[in-house]
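[1] Okay, sequence plus prediction incoming.
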Amino acid sequence: MKRLKIAVVGGCGHVGLPLSIALAPHHEVLIYDTNAASVDMVLAGQMPFMDAGCEEGLRQALQGGLRASTDPTGLESCDQLIIVIGTPVDEHLNPSFGLFDKVISDLTQHLRSGQTLVLRSTVFPGTTERVRQQLKAAGLSIEVTFCPERVAQGKALEEIRTLPQIISAFTPEGFAAARDLFAPIGAELIELAPLEAELSKLFNNVYRYVSFAVANQFYMLATQYNLDFYRILHALRHHYPRGSHLPGPGLAAGPCLFKDTMQLSAFNNNSFFLGHSAMLINEGLPQFIVMQMKQRWPDLASKTVGLLGMAFKGDSDDARESLSYKLKKILSLNTKRVLSTDPFVRDADLVDENLAMDKSDIFVIGAPHSRYKTLDFTGRPVVDMWNLLGKGSQI
């Protein structure tokens with residue numbers, strides 16, 4: 001298979017670095033990133049974040065020639081450049097193109113005709129065409145493709161190698177370039193038009209977000225009637241295929257699901273009632289939990305609460321857009337003190353776990369880290385919406 005010279009722009013992040021590691025055995029890979037601290041960590045063989053298998057994979061990739069730099073010099077010589085900077089939403093929940101447009105504009109001086117530009121992160125529908133037109137206006141004849149990442153945070157390296165890879169392009173040459181890039185990894189390739197690929201990625205994420213909202217709405221309904229939702233969940237799932245896909249309740253957060261639901265809404269002229277309803281449910285869960293706690297403990301204002309887990313998912317160090325922080329803010333308004341802790345997240349405002357365990361009157365599990373299953377709560381109440389401790393979800 002054809003060995004390419006690849007640059008991964010923004011390649012020290014959660015999307016770019018696992019991809020760089022996966023591509024390194026098959027292509028010559030240069031990571032370009034403006035974050036000097038992350039570049040230094042990568043060059044030292046240290047992962048800036050947790051992802052299964054990446055520590056060893058990074059060491060092997062470096063031994064095989066993987067490079068990382070904050071200097072864009074050399075991008076001109078690459079066959080393909082992979083962009084892993086997505087389109088965020090602004091404070092009004094509308095897509096924000098400013099950062100993306102700036103990155104493309106800054107890169108233009110380092111590009112040349114004949115290259116292929118691969119958009120990797122989730123983007124607002126039509127962004128691939130928008131970039132194509134920007135490059136054309138700059139006088140560059142460059143193939144533009146959209147090949148979305150489809151992996152779960154924390155398992156990116158494994159899933160890059162095993163899940164089907166969607167590739168999209170405007171021309172046969174663009175499709176050929178995308179095949180040359182991804183085929184050596186061994187994953188099945190699915191070919192779509194760019195707008196189809198952009199929507200397929202958004203639909204995936206929004207479906208998950210809506211599914212979590214269904215579970216959270218059921219959880220809130222059952223809890224209001226003083227019922228243990230997990231007994232009901234077990235009954236509707238157990239050996240019953242039409243109930244098996246319902247997830248459990250929990251804080252539906254992270255950098256993608258909420259954002260992409262709002263992007264899809266904006267794309268459809270803000271006429272997306274299902275997505276808006278899901279947002280109200282998922283974003284309202286922290287408030288619901290605290291209100292239920294106030295009913296359960298009328299003296300909550302005099303209590304110290306230990307908030308265990310600030311990552312957006314279990315056994316992860318990723319706190320991006322974590323609803324545990326929203327939960328902490330609401331708890332702070334309704335309790336004497338909140339002691340938040342996490343064994344993985346780096347945050348100067350967190351306290352030592354032993355201090356939280358010693359000083360708290362009530363505990364709330366914010367992220368279902370497996371280590372919390374073994375903690376000794378010495379009879380003190382635990383709000384466990386995840387049912388991590390296996391004792392039900394009643395507050």
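    Received, thanks.

[2] then the helix or strand of the chain with the lowest mean pLDDT to CSV, C-alphas only?
    When the helices and strands of the chain are scored by mean pLDDT, DSSP states H and E, helix 98-108 comes last with a mean of 86. Taking Å, rounded to 0.1, in the frame of the first residue of the first chain, the C-alpha atoms of helix 98-108 are listed here in CSV:
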residue,chain,number,x,y,z
GLY,A,98,-14.3,32.0,13.7
LEU,A,99,-11.7,29.6,15.0
PHE,A,100,-12.1,27.2,12.2
ASP,A,101,-11.9,29.9,9.5
LYS,A,102,-8.7,31.3,11.2
VAL,A,103,-7.0,28.0,11.2
ILE,A,104,-7.7,27.4,7.5
SER,A,105,-6.6,31.0,6.7
ASP,A,106,-3.4,30.6,8.7
LEU,A,107,-2.7,27.2,7.0
THR,A,108,-3.2,28.6,3.5
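
[3] Give the other helices and strands that that helix contacts.
    strand 80-83, helix 127-137 (3 or more CB pairs under 8 Å, 6 or more residues apart in numbering; DSSP states H and E). Every C-beta, even on glycine, is put in place using the N, C-alpha and C of the backbone.

[4] would you list every one of the strands in the stretch 151-300 of the chain?
    165-169, 189-192 (DSSP state E, counting those that start in this stretch).

[5] Next, the angle helix 127-137 makes with the first one.
    Using axes from the mean of the first three to the mean of the last three CA atoms, to 10 degrees, one finds that strand 165-169 and helix 127-137 are set 40 degrees apart in direction.

[6] who does strand 165-169 pair up with?
    When sheet partners are counted by DSSP bridges, strand 165-169 sits next to strand 143-146 (antiparallel), strand 189-192 (parallel).

[7] thinking residue 12 is in contact with residue 66, fair?
    No - using CB atoms under 8 Å, residue 12 is not in contact with residue 66; the gap is 11.7 Å.

[8] between the two, what contacts are shared?
    residue 31 (CB atoms under 8 Å, 6 or more residues apart in numbering).

[9] low-confidence ranges in the stretch 201-350 of the chain?
    By pLDDT under 70, the stretch 201-350 of the chain has no low-scoring segment.

[10] Helices of that one, start to end?
    229-237, 257-267, 273-296, 323-334 (DSSP state H, counting those that start in this stretch).

[11] now, of those, which is deepest in the fold?
    Most buried of the helices of the stretch 201-350 of the chain by mean neighbour count (mean count of other CB atoms under 10 Å) is helix 257-267; its value is a mean of 23.

[12] residues in contact with it?
    87-89, 93-95, 122, 124-126, 201-203, 205-206, 208-210, 212, 252, 271-272, 275-276, 278-279, 282-283, 321.

[13] Which ChimeraX command selects the buried ones in the residues you listed?
    Buried members of these, defined by 16 or more other CB atoms under 10 Å, are picked up in ChimeraX with:
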select :87,88,89,93,95,122,124,125,201,202,205,206,208,209,210,212,252,272,275,278,279,282,283
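
[14] coming back round to it: what about the least confident helix or strand of the chain, distance to the chain center?
    How far helix 98-108 lies from its chain's middle: 22 Å, per CA atoms, centre = their mean, to the nearest Å.

[15] Can you add distance to residue 41 and give the helices of the stretch 201-350 of the chain back as JSON lines?
    As requested, these are exported to JSON lines (distance: least, CB to CB, whole Å):
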{"stretch": "helix 229-237", "distance to residue 41": "40"}
{"stretch": "helix 257-267", "distance to residue 41": "26"}
{"stretch": "helix 273-296", "distance to residue 41": "33"}
{"stretch": "helix 323-334", "distance to residue 41": "25"}
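
[16] isn't residue 57 right up against residue 21?
    Yes - judged on CB under 8 Å, residue 57 makes contact with residue 21 at a distance of 4.3 Å.

[17] picking up where we left off before, give me the buried positions along the least confident helix or strand of the chain.
    100, 103, 104, 107.

[18] got these as TSV, with distance to residue 232 columns?
    Below are the buried residues of helix 98-108 laid out as TSV (distance: CB to CB, whole Å):
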residue	distance to residue 232
100	44
103	47
104	50
107	52
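
[19] Which one of those residues is nearest to residue 248?
    Comparing the buried residues of helix 98-108 against residue 248 with CB to CB places residue 100 closest, at 34.7 Å.

[20] got a list of what the nearest residue to the closest one once chain neighbours are set aside touches?
    Excluding the flanking residues, the one nearest residue 100 by CB to CB, 6 or more residues apart in numbering is residue 87, at 5.4 Å. Neighbouring residues of residue 87 by CB under 8 Å, 6+ apart: 95, 96, 97, 100, 121, 122, 123, 124, 127, 263.

[21] ok, so of those residues, who is nearest residue 329?
    residue 96 (23.7 Å).

[22] Pull out the buried positions in stretch 114-128.
    Quick answer for stretch 114-128 (16+ other CB under 10 Å): 115-125, 127-128.

[23] Looking at those, which is nearest residue 379?
    residue 122 (45.3 Å).
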